[in-house]
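K.L.:
Provided below are the primary sequence and the corresponding predicted coordinates.
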Amino acid sequence: MQLPTGKKVYFSSDNHLGAPNQQFSKPREAKFVAWLDEVKHDAAAIFLLGDLFDFWFEYKHVVPKGFVRVLGKLAEIKDSGIPIYFFVGNHDLWMDDYFEQELGIPVYHRPKEFSFNHKTFLVGHGDGLGPGDKGYKRMKKVFTNPFSKWLYRWLHPDLGVPLAQHLSVKNKLISGDEDAKFLGEENEWLAQYAKRKLESKHYDYFIFGHRHLPMEIKVGKNSTYFNLGDWINFYTYGVFDGEKFELKEYKK
């Protein structure tokens, strides 16, 4: 995509709406909706890099209750002609085709390449990539197995949703989350993943979430890894103006 003059590409990740419960996540939802309402005026595209919800599961005829304001705003923006791309995170990895059918938003389960103004991007949530995190990687294989999803659908939503919400908050192995502590440029595993990818192909930018820490790390002579942070503690997002990528904080 060649960006029109004055247009930008926006990136956001890790809202965890619904955590620790609906009541406490509502102010965060309102703030995120205000951000969406603001960026729509000059957005050429919007990328949501996963964990928009702290838990999401699509039964055949049911999706989790709540999140009406953010879903409505996404529908409005998409209907206005602005493309939105959604990447599944470890908390909403059971997303299926609801976003695609109801909102017209494509959903990706793996990192994907994009090009804007001749700059190449590798974009994804970031869970299960790079070295380490072996416990979560094993758990993810179980969760994404079609038979596991089929079994879970037999739980009534009044049982299945509260159970999953509880485990999402309490069990770090299931959630895949780590303490948000900077490990150092040489030890950040998504930076290591980016360096390995550069061995076979050049990317100008690697854009991920999952770590809940806004960070910028040079991984090659002309390549940079950015982590978007989150909308719990930092309220940070990424923006590409056609020439450079920056991390910014939403302060309203």
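P.N.:
Received it, and whenever you're ready, just let me know what you need. Please read all numbers here as calculations on a predicted model, not as lab measurements. Numbers count the residues shown, from 1 in each chain.

K.L.:
just the helices from the stretch 51-200 of the chain, written as ranges.
P.N.:
68-79, 98, 134-143, 146-152, 157-170, 172-175, 189-198 (DSSP state H, counting those that start in this stretch).

K.L.:
quick one: distance of the fourth one to the chain centre.
P.N.:
Relative to its chain's centre, helix 146-152 lies at 23 Å (C-alpha atoms, centre = their mean, to the nearest Å).

K.L.:
who touches the residue nearest to residue 113 when sequence neighbours are not counted in this structure?
P.N.:
Nearest-residue entry for residue 113: residue 122, 5.8 Å, with adjacent residues in sequence omitted and distances by C-beta to C-beta, 6 or more residues apart in numbering. To be clear about C-beta, it is placed using only N, CA and C from the backbone, and glycine gets the same treatment. Contact analysis of residue 122 by C-beta atoms under 8 Å, 6 or more residues apart in numbering lists 111-113, 194, 197, 203, 205-207.

K.L.:
now do the contacts for residue 83.
P.N.:
Residue 83 touches 44-46, counting by C-beta under 8 Å, 6+ apart.

K.L.:
rewinding a little: mean pLDDT lowest for which of the helices of the stretch 51-200 of the chain?
P.N.:
Mean pLDDT per stretch puts helix 172-175 lowest among those, at a mean of 45.

K.L.:
now, which of the contacts of residue 122 sits nearest residue 127?
P.N.:
The nearest member of those to residue 127, counting by C-beta to C-beta, is residue 111 at 10.6 Å.

K.L.:
report how many residues lie close to the closest one.
P.N.:
Using other C-beta atoms under 10 Å, residue 111 has 19 other residues around it.

K.L.:
ok, it touching residue 123?
P.N.:
Yes - with contact defined as C-beta atoms under 8 Å, residue 111 and residue 123 form a contacting pair (6.3 Å).

K.L.:
identify the contacts common to the two.
P.N.:
87, 208.
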